[in-house]
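# Provided below are the primary sequence and the corresponding predicted coordinates.
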Amino acid sequence: MLYDQVVENNKLLVELSVVPLGVNGKSRDQIADVQDIVERAGIFNERTANGTYFEGDWSDICTLLYSCYEQVHTNSPHSYLKIAIR
């Protein structure tokens, strides 16, 4: 089964979408900051119109997700982050 392969390989495919709220037109800057964090993490990623996909180890992905959350929350206390784990 696919689940067994994911657990055995300890790899995840994750989609992250970020929508900062109440930043008065500066959401593009916030999203760019998150994209920089993803790029610096060195994890395989691909941007789409709806978000960014990345693939990696469970621990690396969790660390990356938390870093992205902190960045968005620092500049926009009200934000929407959608995380889909496949």
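Everything's here; your move.
# only C-alpha atoms from now on, for both contacts and neighbour counts.
Noted.
# show me what the most centrally placed residue in the chain is bridged to.
For the chain, the residue nearest the mean C-alpha position is residue 16 (4.0 Å; C-alpha atoms, centre = their mean). With DSSP bridges as the criterion, residue 16 is bridged to residue 52, residue 83.
# relative to residue 76, how far out is it?
Distance, residue 16 to residue 76, by C-alpha to C-alpha, to the nearest Å: 17 Å.
# can you count the residues close to the nearest residue to residue 11 once chain neighbours are set aside?
When the adjacent residues along the chain are set aside, residue 11 lies closest to residue 57, with 4.5 Å between them (C-alpha to C-alpha, 6 or more residues apart in numbering). Residue 57 is flanked by 14 other residues according to other C-alpha atoms under 10 Å.
# pretty sure the residue nearest to the centre of the chain sits against residue 53.
Yes: the criterion here is C-alpha atoms under 8 Å, and residue 16 meets it with residue 53 at 6.4 Å.
# once you drop chain neighbours, what's closest to residue 73?
residue 79 (7.0 Å).
# so for that neighbour, what's the pLDDT?
For residue 79, the pLDDT comes out at 86.
# please renumber so the chain begins at 176
Yep, numbering from 176; the last one is residue 254 now.
# state the distance from it to residue 230.
23 Å.
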